[in-house]
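S.K.: Turn this into a model:
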Amino acid sequence: MVVPNDVGATPQAKDWSISWIRSLRRCNSGLAMDAYGLFIYPFLGCVVLILIHAYFGIHVLERGIIFVDLSLAQFISLGTAIALFLGKEIHDKYIYSAVFAVVGALILSFRDASRSSSTLRHS
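M.R.: Numbers count the residues shown, from 1 in each chain. The predicted structure follows:
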């Protein structure tokens, strides 16, 4: 087997290496186009799912239905995201999450107490 390199290689080996590199470039550009074709349908599926979830989410919010456990999880996620954004250590991330969980629980409990006919759904 001839190893293509420029130092001490025969002219045939240099020609072989150049043609091999050119064919590799043609192959890679074809693979890139195939990858775009491969990912176009999953991408369009994600766009459709986003549109469907946004549509249904708007109707759920119009009805005023709020699931307490899901909204509390959103508060906790917000606390974790803020801790990550601020670059806090691991134990600080748990503290931020716990504080946001307590604040979220207080907000949801006062919201529930202030409404005469509660639309909160406990799941």
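S.K.: Helices of this structure, residue ranges please.
M.R.: Assigned by DSSP state H, the helices in the chain fall at 11-63, 68-86, 90-114.
S.K.: Output those in CSV; the columns should cover mean pLDDT and mean neighbour count.
M.R.: Bear in mind the C-beta positions are built from the backbone N, C-alpha and C, glycine included. Shown next, in CSV, are these (pLDDT from 0 to 100; neighbours: other CB atoms under 10 Å):
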stretch, mean pLDDT, mean neighbour count
helix 11-63, 74, 10
helix 68-86, 90, 14
helix 90-114, 86, 14
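S.K.: domains in the protein, as residue ranges please.
M.R.: With domains defined by automatic domain parsing, the chain comprises 1-63, 64-123.
S.K.: Contact partners for the nearest residue to K88 once chain neighbours are set aside?
M.R.: In this structure, K88 finds its nearest non-sequential neighbour in Y96, 6.7 Å apart by CB to CB, 6 or more residues apart in numbering. Y96 makes contacts with 79-80, 82-83, 88, as judged by CB atoms under 8 Å, 6 or more residues apart in numbering.
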